[in-house]
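Colleague: Quick one: sequence plus predicted model below, questions after.
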Amino acid sequence: MMTPLALIAACFLDLIFGDPEGFPHPVVLMGRLIAGLEGFARSITHSSQGRRLAGIMITLFLVFLCYGLSLLLIHGAAGIHPVLGWGVAVFLAYTTLSARSLHQEADRVKRCLEQGRIEEARRFLSGIVGRETQDLTEQEIIRAAVETVSENTSDGVIAPLFYLLIGGPPAAMAYKAVSTLDSMLGYKHEHFRDLGWFPARFDDFANFIPARITGLLMVLGSLFLNLSAPGALRIMWRDGRKHDSPNAGIPEAAAAGALGVQLGGTNVYMGAARPKLHLGDPKRPLHVKCIREAVSLMYASSLLMIAFSVFIRFLLSH
């Protein structure tokens with residue numbers, strides 16, 4: 001379990017360093033392993049049922065591997081010296097968080113739009129969204145950026161903090177394995193439908209509680225940012241289930257209500273257009289500053305979750 005000091009230290013490391021370029025991030029290693037396992041699974045399975053079974057086996061293998069290795073690293077380091085064990089736990093916890101990285105990626109898109117460099121904005125956006133970006137208008141780029149910041153507030157910050165709170169770094173690393181599996185295999189495209197079926201369902205399960213916590217934190221965070229807390233609560237309640245994901249719609253709807261904008265609409269994935277229901281009311285047009293507001297809402301929600309987690313860990317440690 002994470003001590004309050006360890007949790008705070010991990011969050012500070014994320015806020016200071018983010019994900020430095022060239023850093024051997026565990027998620028990158030997970031991605032390479034998943035790619036290898038996917039290729040192997042496709043080479044030995046030739047039926048829908050076989051690929052679904054392979055998806056189950058890949059998911060369970062990776063989740064238990066990440067959990068077990070994290071546990072071994074922490075206990076092994078602690079066996080050498082307690083301070084070393086603490087440091088390893090803090091480092092592993094830090095790698096599960098992505099607030100600074102999400103801020104930096106969104107800010108790149110925002111700065112390009114402010115400077116009229118729409119082609120560069122599309123290119124930077126393509127690195128943080130799954131949809132095709134080459135033909136997006138400025139309004140669609142802003143919408144995509146706000147949506148991904150809102151969704152990843154849950155996936156990249158609140159959910160890891162939730163699992164750090166209930167199970168320490170091993171649980172958070174296992175969650176990152178599930179999240180990475182879903183991002184690589186969980187598409188609805190025919191090519192991934194069978195192999196990615198279980199990773200996508202597992203990700204839905206793992207994010208069910210964190211997504212709803214994120215929505216509530218966004219409502220509270222709006223109070224500190226001069227955004228609309230009543231709007232966030234109302235739109236989250238009204239539109240949160242309109243998304244094709246059982247979880248992503250909750251933080252996206254809360255953000256739409258807080259900012260007073262309308263999200264959702266048609267996106268293109270792998271050449272296929274997929275219309276999505278709208279979230280929120282267009283009380284104001286989407287503007288570049290909406291990206292900054294979404295990032296601020298991410299930080300406010302994250303700080304509230306950190307404060308709550310530290311308080312709970314403090315109570316449990318006494």
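Modeller: That came in fine, so what should we check first?
Colleague: alpha carbons only for contacts and neighbour counts from here, please
Modeller: OK.
Colleague: Contact partners for the closest residue to Ile118 other than its chain neighbours?
Modeller: Nearest residue to Ile118, sequence neighbours excluded (Cα to Cα, 6 or more residues apart in numbering): Cys112, at 6.4 Å. Listed by Cα atoms under 8 Å, 6 or more residues apart in numbering, the contact set of Cys112 reads 118, 120-121.
Colleague: now His81
Modeller: His81 neighbours (Cα under 8 Å, 6+ apart): none.
Colleague: Need the per-residue pLDDT for it.
Modeller: The model reports His81 with a pLDDT of 95.
Colleague: Over to the one 5 residues further on?
Modeller: Per-residue pLDDT puts Trp86 at 95.
Colleague: Adding distance to Gly156, secondary structure and pLDDT, write the contacts of Cys112 out as CSV.
Modeller: As requested, the contacts of Cys112 are exported to CSV (distance: Cα to Cα, whole Å; DSSP: H, G, I helix; E, B strand; the rest coil; pLDDT from 0 to 100):
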residue, distance to Gly156, secondary structure, pLDDT
Ile118, 26, helix, 93
Glu120, 24, helix, 94
Ala121, 22, helix, 93
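Colleague: Any chance of those residues in TSV with neighbour count as columns?
Modeller: Shown next, in TSV, are the contacts of Cys112 (neighbours: other Cα atoms under 10 Å):
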residue	neighbour count
Ile118	20
Glu120	16
Ala121	26
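Colleague: nearest to Ser98, of those?
Modeller: Distance to Ser98 across the contacts of Cys112 (Cα to Cα) is lowest for Ala121, with 20.5 Å.
Colleague: now the closest one: how far from Val109?
Modeller: Ala121 sits 5 Å away from Val109, going by Cα to Cα, to the nearest Å.
Colleague: On the three-state scheme, the residue nearest the centre of the chain is what?
Modeller: By Cα atoms, centre = their mean, the chain has its centre lying nearest to Asp155, at 2.4 Å. Assigned with DSSP: H, G, I helix; E, B strand; the rest coil, Asp155 falls in the helix class.
Colleague: Surely it is in contact with Ala206?
Modeller: No - with contact defined as Cα atoms under 8 Å, Asp155 does not reach Ala206; the gap is 9.8 Å.
Colleague: quick one, strands of the stretch 151-300 of the chain?
Modeller: Using DSSP state E, counting those that start in this stretch, the strands of the stretch 151-300 of the chain run over 267-269, 272-274.
Colleague: Please give the element, helix or strand, for the residue nearest to Ile118.
Modeller: Using DSSP states H and E, the element containing Cys112 is helix 99-114.
Colleague: Just the C-alpha atoms of that helix, please, in CSV.
Modeller: In CSV, the C-alpha atoms belonging to helix 99-114 read as follows (Å, rounded to 0.1, in the frame of the first residue of the first chain):
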residue,chain,number,x,y,z
ALA,A,99,-1.3,14.4,-16.0
ARG,A,100,1.8,16.4,-17.2
SER,A,101,2.0,14.4,-20.4
LEU,A,102,-1.6,15.0,-21.2
HIS,A,103,-1.2,18.7,-20.5
GLN,A,104,1.8,18.9,-22.8
GLU,A,105,0.2,17.1,-25.7
ALA,A,106,-3.0,19.2,-25.5
ASP,A,107,-0.9,22.4,-25.2
ARG,A,108,0.9,21.6,-28.4
VAL,A,109,-2.3,21.4,-30.2
LYS,A,110,-3.6,24.6,-28.6
ARG,A,111,-0.4,26.6,-29.5
CYS,A,112,-0.5,25.4,-33.1
LEU,A,113,-4.1,26.5,-33.5
GLU,A,114,-3.3,29.9,-31.9
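Colleague: returning to that earlier point: JSON lines please, covering the contacts of Cys112 and showing distance to Lys242.
Modeller: Below are these laid out as JSON lines (distance: Cα to Cα, whole Å):
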{"residue": "Ile118", "distance to Lys242": "30"}
{"residue": "Glu120", "distance to Lys242": "31"}
{"residue": "Ala121", "distance to Lys242": "28"}
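Colleague: Tell me who's in contact with Phe224.
Modeller: Taking Cα under 8 Å, 6+ apart, we find Phe224 in contact with Ala300.
Colleague: Confirm that Thr58 sits in a helix.
Modeller: Actually, residue 58 is Ile. It isn't Thr. Yes - the assignment for Ile58 by three-state DSSP puts it in a helix.
Colleague: And it, how far from His46?
Modeller: With Cα to Cα as the criterion, Ile58 and His46 are 16 Å apart.
Colleague: which of these two has more neighbours?
Modeller: Ranked by neighbour count (other Cα atoms under 10 Å), Ile58 and His46 place Ile58 first, with 21 against 10.
Colleague: Might one say that that one is in contact with Leu37?
Modeller: Yes - between Ile58 and Leu37 there is a contact at 6.9 Å, judged by Cα under 8 Å.
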